[in-house]
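**Q** Make a model of this:
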Amino acid sequence: MQPAFADFARAVYPFLELQPFHRTYYGLLEAFAEGRIRRLIVTMPPQHGKSVGATTLLPAYLLGLDPDCRVAIASYSGMLASKFNRRVQRIIESREYGELFPETTIKRGTKPAGYIRTADEAEIIGRRGSILSVGREGSLTGNRVDCFILDDLYKDAMEAHSPLIRENCWEWYTSVVRTRMHNRSRELIVFTRWHEEDLIGRLRQREPCVELTSWAQLDALSADTWLHLNFEALKESPPTELDPRGAGEALWVQQQGAALLGGKRRLDPLQFEAMYQGHPSSAHGLLYGGGFGEYERLPHEIVRRAAYVDTADTGDDYLCALAYAVDADGGICIIDAVYSREAMEVTEGEVAAMLERSDVRQAAIESNNGGRGFARAVQRLAPAVRVEWFHQSGNKEARILSNAATVQHLVRFPRGWQQRWPELCAHLTTYRRRFRANRWHDAADVLTGIVEREATDPKQRRVRGVRFL
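**A** So this is what the prediction gives:
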């Protein structure tokens with residue numbers, strides 16, 4: 001009886017410490033090895049064990065299950081691919097492996113004529129199987145491949161952001177990788193994402209791809225469809241059967257906890273979204289590409305202090321509340337913020353406290369999706385603030401996109417806002433022009449709402465349908 005992949009991994013690598021997400025990952029790799037999945041993409045953050053599972057342990061497991069399987073490993077350099085190959089060979093040579101898969105061997109005393117074993121290629125003795133490694137843009141002439149494993153075809157951000165290298169990688173994939181495959185061949189791509197137009201991005205644009213959320217999907221998958229599982233370093237997407245973490249939980253707490261990841265996000269939100277969250281975007285595609293202005297201290301002449309609040313549409317959305325001050329020149333300075341996915345009974349108090357400490361005189365709360373009740377609760381908690389609610393009927397996409405330039409021109413944040421409100425900063429600085437490419441619109445929607453109210457003629461400021469409490 002064949003061992004489960006996780007049991008095999010622990011047998012040949014007894015030092016492994018498998019976290020819950022590793023067991024999910026290994027279960028998926030096992031389904032791939034058994035042929036239940038033919039085209040698989042897995043993305044996860046750096047230093048979380050993706051290569052150990054997919055590029056070191058999996059090839060040995062594949063050859064154990066089927067000694068006639070021709071496996072190829074590809075990476076951004078031939079040297080790295082050869083390193084993976086040597087690791088696989090050492091596993092196959094081990095006593096533990098021999099006990100599990102005695103029919104798969106590369107180390108008998110007498111080798112058959114013409115037998116090949118190098119750092120780049122090794123044949124299974126007495127069978128048709130082999131393990132081959134190649135660097136990106138390397139040749140595979142004459143080699144038929146049953147199972148292809150592509151691990152990090154871009155060395156770093158500089159390579160991934162080079163249009164020339166991305167195009168060369170794509171051409172190599174279509175003219176070399178795909179031409180070595182047959183009807184029953186399988187493909188596994190394991191990447192840390194760098195750019196939205198990397199190999200994974202281009203495949204997702206051109207071929208069917210579904211996001212994996214439950215194990216039942218494996219039984220209804222067509223042969224030509226890619227299955228994609230993305231492990232976020234900090235959980236932001238809704239919980240699923242395969243990744244049941246709650247919002248904000250780190251993927252591997254013992255290795256890279258939420259505090260460490262938060263620091264990395266503050267350093268470079270755009271890169272963090274790509275590498276650690278699996279949501280890349282190119283700088284030229286950002287809506288607020290130039291960033292936002294900052295201020296050291298509020299202007300002396302403040303003509304108005306107010307706040308704008310958008311309650312969460314669903315449990316996955318963020319409540320966004322921004323307190324701001326308008327100066328004599330019409331500039332808008334953000335004073336304070338609440339950006340949270342907590343329940344309304346929590347955020348009601350947080351918003352009320354923000355209004356009071358910001359010395360806000362008036363707060364506008366969108367009445368959509370429970371906003372009316374939220375507004376009444378906030379008014380009870382902050383009686384000195386004039387709270388109004390209104391229904392926002394404008395098209396969100398049109399409003400955000402058409403006001404983007406005005407938002408960037410007028411809105412300024414306090415120096416150090418990236419550290420004070422890291423999630424707010426990340427979602428604004430990585431917000432893309434292609435509206436449907438964004439997961440969260442809450443922060444951009446509130447900035448748009450503030451500008452709509454403050455940058456128009458004062459007589460037009462009041463939105464029709466306003467109710468005061």
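
**Q** Please make it C-alpha for all contacts and neighbour counts, starting now.
**A** OK.

**Q** Kindly provide the whole-number mean pLDDT of stretch 66-82.
**A** The average pLDDT for stretch 66-82 rounds to 93.

**Q** what separates that stretch from the chain centre, distance-wise?
**A** 26 Å (Cα atoms, centre = their mean, to the nearest Å).

**Q** again with stretch 356-376
**A** Mean C-alpha position of stretch 356-376 versus that of the full chain (Cα atoms, centre = their mean) differs by 32 Å.

**Q** Over to stretch 111-130?
**A** Distance, stretch centre to chain centre, for stretch 111-130: 39 Å (Cα atoms, centre = their mean).

**Q** If we go by neighbour counts, what in that stretch is buried?
**A** If you call a residue buried by 16 or more other Cα atoms under 10 Å, then stretch 111-130 has these buried ones: R117, A119, D120, E121, A122, E123, I124, I125, G129, S130.

**Q** Looking at the residues you listed, which is nearest Y308?
**A** Set against Y308, the nearest of those by Cα to Cα is D120 (60.9 Å).

**Q** which ones are touching the closest one?
**A** By Cα atoms under 8 Å, 6 or more residues apart in numbering, D120 lies in contact with A81, S82, N85, R86, I131, L132, S133, V134.

**Q** Sitting in helices, which of the residues you listed do you find?
**A** Of the positions in these, A81, S82, N85, R86 sit in helices, assigned by DSSP state H.

**Q** can you map out the helices along the stretch 151-300 of the chain?
**A** 157-160, 163-172, 199-206, 258-267, 269-275 (DSSP state H, counting those that start in this stretch).

**Q** Now render these as a markdown table, adding mean neighbour count and mean pLDDT.
**A** Shown next, in a markdown table, are the helices of the stretch 151-300 of the chain (neighbours: other Cα atoms under 10 Å; pLDDT from 0 to 100):
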| stretch | mean neighbour count | mean pLDDT |
| --- | --- | --- |
| helix 157-160 | 15 | 85 |
| helix 163-172 | 15 | 91 |
| helix 199-206 | 14 | 91 |
| helix 258-267 | 16 | 89 |
| helix 269-275 | 23 | 86 |
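
**Q** for those helices, which one sits closest to R36?
**A** Among the helices of the stretch 151-300 of the chain, the nearest to R36 by Cα to Cα is helix 199-206 (20.3 Å).

**Q** Give me the angle between the closest one and helix 163-172.
**A** If you take axes from the mean of the first three to the mean of the last three Cα atoms, to 10 degrees, helix 199-206 sits at 60 degrees to helix 163-172.

**Q** got the contact list for helix 199-206?
**A** Helix 199-206 has contacts (Cα under 8 Å, 6+ apart) with I41, R166, C169, W170, H195.

**Q** if I pick R36, what's in contact with it?
**A** With Cα under 8 Å, 6+ apart, R36 has these contacts: L218, D219.

**Q** For it, grab phi and psi.
**A** phi -70, psi -20 (degrees, to the nearest 10).

**Q** What's the separation between it and P414?
**A** For R36, the distance to P414 (Cα to Cα, to the nearest Å) stands at 53 Å.

**Q** just for the stretch 151-300 of the chain, where's the confidence low?
**A** By pLDDT under 70, the low-scoring segments of the stretch 151-300 of the chain are 282-284, 290.

**Q** ok, G289 touching L428?
**A** No. G289 lies out of contact with L428 (Cα atoms under 8 Å); the separation is 9.7 Å.

**Q** Compare neighbour counts for those two and give me the winner.
**A** Neighbour totals were compared for G289 and L428, and L428 leads with 24 against 17 (other Cα atoms under 10 Å).

**Q** Which strand or helix spans the more buried one?
**A** For L428, the host element (DSSP states H and E) is helix 422-429.

**Q** Now the element after that helix, going C-ward?
**A** Downstream of helix 422-429 (by DSSP H and E), the next one is helix 442-454.

**Q** Show me what that next one is packed up against.
**A** strand 302-310, strand 319-327, helix 396-402, helix 404-410, helix 422-429 (3 or more Cα pairs under 8 Å, 6 or more residues apart in numbering; DSSP states H and E).

**Q** among the buried residues of stretch 111-130, which are in helices?
**A** Short answer: the buried residues of stretch 111-130 have none in helices (DSSP H).

**Q** mind checking how far N183 is from S222?
**A** In terms of Cα to Cα, N183 sits 13 Å off from S222.

**Q** Pull the contacting residues for the spatially closest residue to A312 that is not a sequence neighbour.
**A** Excluding the flanking residues, the one nearest A312 by Cα to Cα, 6 or more residues apart in numbering is L319, at 4.6 Å. Residues in contact with L319 (Cα under 8 Å, 6+ apart) are V309, D310, T311, A312, V338, Y339, S340, R341, T347, D442.

**Q** you'd agree the fifth one is up against E350?
**A** Yes. V338 sits in contact with E350 when judged by Cα under 8 Å, with a separation of 7.1 Å.

**Q** Which parts of the stretch 1-150 of the chain are helices?
**A** Under DSSP H, counting those that start in this stretch, the stretch 1-150 of the chain gives helices at 5-12, 20-33, 50-51, 58-65, 78-93, 95-100.

**Q** State the distance spanning the first to the last residue of stretch 281-300.
**A** One end of stretch 281-300 to the other measures 39 Å (Cα to Cα).

**Q** I'm done for today, thanks for sticking with me.
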